[in-house]
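Trainee: Here is my input; please provide its structure:
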Amino acid sequence: MSLFNLFSSNKKYDVVAIGDIVTDAFIKLKDANVHCKINQEDCELCVRFGDKVPFESVEIVKAVGNCANAAVSASRLGLSSALMSTVGNDQNGTECLEELTKNGVATDYMSTNNDYPTNYHYVLWYDVERTILVNHAPFPYSLPKNFVAPKWIYLTSMGENSKDFHKVIADFVKAHPETKLAFQPGTSQMKLGVDALKPIYECAEIFFCNVEEAKRILKVETREPLELMKALMALGPKNIVLTDGINGAYAYDGTHAWFMPIYPHTPFERTGAGDAYASTIVSVLALGKTLDEALRWAPINSMSVVQQVGAQKGLLSRQKLEEYLSKAPEDYKIKQIA
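Mentor: Residues are numbered from 1 along each chain as shown. Coordinates of the predicted model:
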């Protein structure tokens, strides 16, 4: 049974993030290997099979996941944000709610479920990369009766049982043109396929994924950014942002396309870089700036996040982000490519 908080306000938020909240356990491995194919892209993390594998440390990070990361990012940048998600009736759930409140994220639209525990993921951390063992509890998805149309809905990773809920979100956005939809699909949503999520793609103001995810969504082999973005836009979104790790990122609004390099840095642990990038762009758009302006802000938050363990410690305030922007290297410039 899922019960939404009955004591919530009727406040109109700048950003409401929707998805699955989790607790992450970061397990730092010290005895592992990475095996890659000749293209150096299809890599596998390898440990000795059937043996005891030593690890260096474990760090528990509460109230994370794409949706929570986005809500915290918006809050740090000075926007009013809320999270719509579900936790179990357990200690992890209680601590997740406390952590959200501590980070300035409203819990008006959070629910507690008695049938399943709070989502808990294991992050195998080796070198600067991470491999995440995920399990999404089959929580029921629905809009709370007190849901007030926000300026932006940030829709992201949910479980495999979320298919019908996407239609609910799409219908809500269509009925409330004052609300813009940002869509950053998770693994389960990509598995559902384009046809199943067609209503969401068609009403998305902006869509985010990385190059490998784009190839998977479109079922193509090309890595050419403009070609991928045009194909993604054909699914319905008005704007596309395509990230490519240390190679930078691209954006396309149907008329112009841009390339933005990364902000120079040495990463410590890469979890949350993509979430920081996408959520910063949505937050900057919510602040009234343009997409090309937002592209200059996003790499800075991603750079800061990968200096810390977890996806939220490094998220910057607007003041701090603007300081980095003012001190940016000479070659940190957006380039129009179409």
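Trainee: Check the average confidence over the helix or strand Phe208 falls within, would you?
Mentor: Assigned by DSSP states H and E, Phe208 belongs to strand 206-210. For strand 206-210, mean pLDDT is 98.
Trainee: list the helices and strands that strand packs on?
Mentor: strand 180-183, strand 240-243, helix 273-286 (3 or more C-beta pairs under 8 Å, 6 or more residues apart in numbering; DSSP states H and E). For glycine as for every other residue, the C-beta is placed from the backbone atoms N, C-alpha and C.
Trainee: That one relative to helix 273-286, how many degrees between them?
Mentor: Here the directions of strand 206-210 and helix 273-286 differ by 160 degrees (axes from the mean of the first three to the mean of the last three C-alpha atoms, to 10 degrees).
Trainee: Residues in contact with strand 206-210: which ones?
Mentor: With C-beta atoms under 8 Å, 6 or more residues apart in numbering as the test, strand 206-210 has contacts from 180-185, 201, 217, 232, 235, 237-245, 274, 277-278, 281-282, 285, 291.
Trainee: got the helices and strands packed on strand 206-210 as JSON lines, with mean neighbour count and distance to Asp31 columns?
Mentor: Listed next are the helices and strands packed on strand 206-210 as JSON lines, based on neighbours: other C-beta atoms under 10 Å; distance: least, C-beta to C-beta, whole Å:
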{"stretch": "strand 180-183", "mean neighbour count": "24", "distance to Asp31": "39"}
{"stretch": "strand 240-243", "mean neighbour count": "26", "distance to Asp31": "31"}
{"stretch": "helix 273-286", "mean neighbour count": "27", "distance to Asp31": "25"}
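Trainee: Cys36 contacts Asp42, correct?
Mentor: Yes - in this structure, Cys36 is within contact of Asp42 by C-beta atoms under 8 Å, at 6.6 Å.
Trainee: what stretches of the chain score poorly on pLDDT?
Mentor: For the chain, the stretches with pLDDT under 70 are 1-9, 38-41, 268-269.
Trainee: Let me know the secondary structure of Ala68.
Mentor: Recorded secondary structure, Ala68: helix (DSSP: H, G, I helix; E, B strand; the rest coil).
Trainee: what's the neighbour count on it?
Mentor: 27 (other C-beta atoms under 10 Å).
Trainee: shouldn't it be in contact with Leu83?
Mentor: Yes - if you go by C-beta under 8 Å, Ala68 and Leu83 touch, sitting 5.9 Å apart.
Trainee: Just put the helices and strands packed on strand 206-210 in a markdown table and tack on distance to Val128.
Mentor: Below are those laid out as a markdown table (distance: least, C-beta to C-beta, whole Å):
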| stretch | distance to Val128 |
| --- | --- |
| strand 180-183 | 27 |
| strand 240-243 | 16 |
| helix 273-286 | 10 |
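Trainee: Out of the ones you listed, flag the one nearest Asn114.
Mentor: Asn114 sits nearest to helix 273-286 of all the helices and strands packed on strand 206-210, at 29.0 Å, using C-beta to C-beta.
Trainee: Can you identify the element that follows the closest one toward the C-terminus?
Mentor: Counting by DSSP H and E, the element that comes right after helix 273-286 along the chain is helix 291-305.
Trainee: tell me which residues in that next one are buried?
Mentor: The neighbour-count check on helix 291-305 (16 or more other C-beta atoms under 10 Å) flags 291, 294-305 as buried.
Trainee: May I see the buried residues of the longest strand anywhere in the chain?
Mentor: Of all segments of type strand in the chain, defined using DSSP state E, the longest is strand 55-64. Buried residues in strand 55-64, counted by 16+ other C-beta under 10 Å: Val61, Lys62, Ala63, Val64.
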